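A.B. asks: Okay, here's the prediction I keep looking at, along with the sequence it came from:
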Amino acid sequence: MCQREVHRGNATTEKVYELMPGTKTQQDALKDCKSKGRDLASILNQKEQESFDESTTSPITTSKGQSTTSPTITINGQSTTSPTTTTDRQSTTLPTSTSSGQLTSSGFTSPNNQPTSSPSSTTSPLHPNYLHFFNESKSWINSLKFCKSRGSKSNLVQITNQTVHADVTQLLANVELQCGEVWIGLERSIFEWNAPWLWTSSDVDKVVKYSEWHSCFPLNPINYHCGKMVRVGNGELKWLDASCHQELPFICQDLH
């Protein structure tokens, strides 16, 4: 969302917000706005919030003639309504931010006790409260932040044994993955050449002992520091190193 200032006849100025198409990082969004002579949107008072809301709730028609609404955007910790988007007849709900800027998921409430919504999730029929697949592309760190925002015991999935790996396989059995890839909770330090791969949660043994690495691993031992699962030719899921800035769907796990 970009903004420009319009000068009125009474020597006052008013912000006009413009929704830019596509998904970008904050840095790329800032550059995009600057290239058009605009600034990245900011909200400083209730009047600006109302103007911002009006700019983000107008319907947009997709190339397939299907109606969708603008995505949820958070500026300075302020959030707009989380609309539902429809693509290929399947509806999903985008993540919503609370006033503190923290993402919440379906079934949670914001600080003012108003229900909030999240990306649509798929759960394993064997473990409905255990694994949650979110078919929305995020960077690895934003996926981790989203999972953690679901509760103190939620994290990117930690595949520490064959049982969990089998459950994840079951969860994704009928899911069409973007590029056949999905984020999991694997990471390694950027400051060491031979840094070990670790799980992100302190609730499990961080050091990776059980593994399902792809035969091509590692792809880039210098620059890749985050872990993903990829679907290989026979349908199996294997692990690979990846750029943490890549945007993929992800799996959250309730670590009870």
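C.D. replies: Now that the structure is in, tell me what you want to look at. Residues are numbered from 1 along each chain as shown.
A.B. asks: Name the spans of the chain whose pLDDT lies under the cut-off.
C.D. replies: Applying pLDDT under 70 to the chain flags the ranges 8-11, 24, 26, 43-47, 49-50, 52-53, 56-129, 202-204.
A.B. asks: The strand or helix carrying N155 - contacts with which helices or strands?
C.D. replies: Secondary structure from DSSP states H and E places N155 in strand 154-156. Packing partners of strand 154-156 (3 or more CB pairs under 8 Å, 6 or more residues apart in numbering; DSSP states H and E): helix 140-149, strand 181-187, strand 248-254. (C-beta placed from N, C-alpha, C; glycine too.)
A.B. asks: Can you check which of those gets nearest to G235?
C.D. replies: Checking the helices and strands packed on strand 154-156 against G235 by CB to CB gives strand 181-187 as the closest, at 13.9 Å.
A.B. asks: Mind checking what helix or strand follows the closest one in sequence?
C.D. replies: strand 198-199.
A.B. asks: after that next one, next one along is what?
C.D. replies: The helix or strand immediately downstream of strand 198-199 is strand 226-231, counting by DSSP H and E.
A.B. asks: what are the pairing partners of that following strand, and which direction each?
C.D. replies: The pairing partners recorded for strand 226-231 under DSSP bridges are strand 181-187 (antiparallel), strand 237-242 (antiparallel).
A.B. asks: which ones are touching the closest residue to L240 other than its chain neighbours?
C.D. replies: In space, and not counting its chain neighbours, L240 is closest to H214: 4.8 Å by CB to CB, 6 or more residues apart in numbering. Shown in contact with H214 (CB atoms under 8 Å, 6 or more residues apart in numbering): V230, V232, K238, W239, L240.
A.B. asks: ok, how many other residues are close to the third one?
C.D. replies: What it means is K238. 16 (other CB atoms under 10 Å).
A.B. asks: Next: the first one.
C.D. replies: Residues within reach of V230, counting by other CB under 10 Å, total 19.
A.B. asks: can you check the second one too?
C.D. replies: The tally of other residues near V232 (other CB under 10 Å) stands at 13.
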